[in-house]
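>>> here is a sequence together with a model predicted from it:
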Amino acid sequence: MVIRCSVCKKIKKFGKWIEVPKPLEEEMKEVPVLLVLCEDCRKETSTVINPPDTAKYRAVCF
């Protein structure tokens, strides 16, 4: 399983967020992906007001 940021599309590798290399992008099509928010994107989205129905929206943060 791959942990990937749903906003910037970086992946988490050995505790660090990295850009996805082109060759790896092709191989990731067959791997299950867990979409989360990385630290940088979480800081940017923390200023956004939550929608009224939060049951439809869910973000997993590590």
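Everything's here; your move.

>>> only C-alpha atoms for contact and neighbour calcs from this point on.
OK.

>>> measure residue 32 to residue 1 for me?
Distance of residue 32 to residue 1, computed by CA to CA, to the nearest Å: 5 Å.

>>> could you do residue 25 as well?
Computed as CA to CA, the residue 25 to residue 1 distance reads 14 Å.

>>> gap between the helix or strand bottoming out on mean pLDDT in the chain and the chain center?
Lowest on mean pLDDT, DSSP states H and E among the helices and strands of the chain sits helix 39-45, with a mean of 79. Offset of helix 39-45 from its chain centre (CA atoms, centre = their mean, to the nearest Å): 10 Å.

>>> ok, stretch 3-16 next?
Distance, centroid of stretch 3-16 to centroid of chain: 5 Å (CA atoms, centre = their mean).

>>> quick one: the strands in this structure?
In the chain, the strands defined using DSSP state E lie at 2-5, 11-13, 16-18, 33-36.

>>> which other helices and strands contact the third one?
This points to strand 16-18. The contact analysis (3 or more CA pairs under 8 Å, 6 or more residues apart in numbering; DSSP states H and E) places strand 16-18 against strand 11-13.
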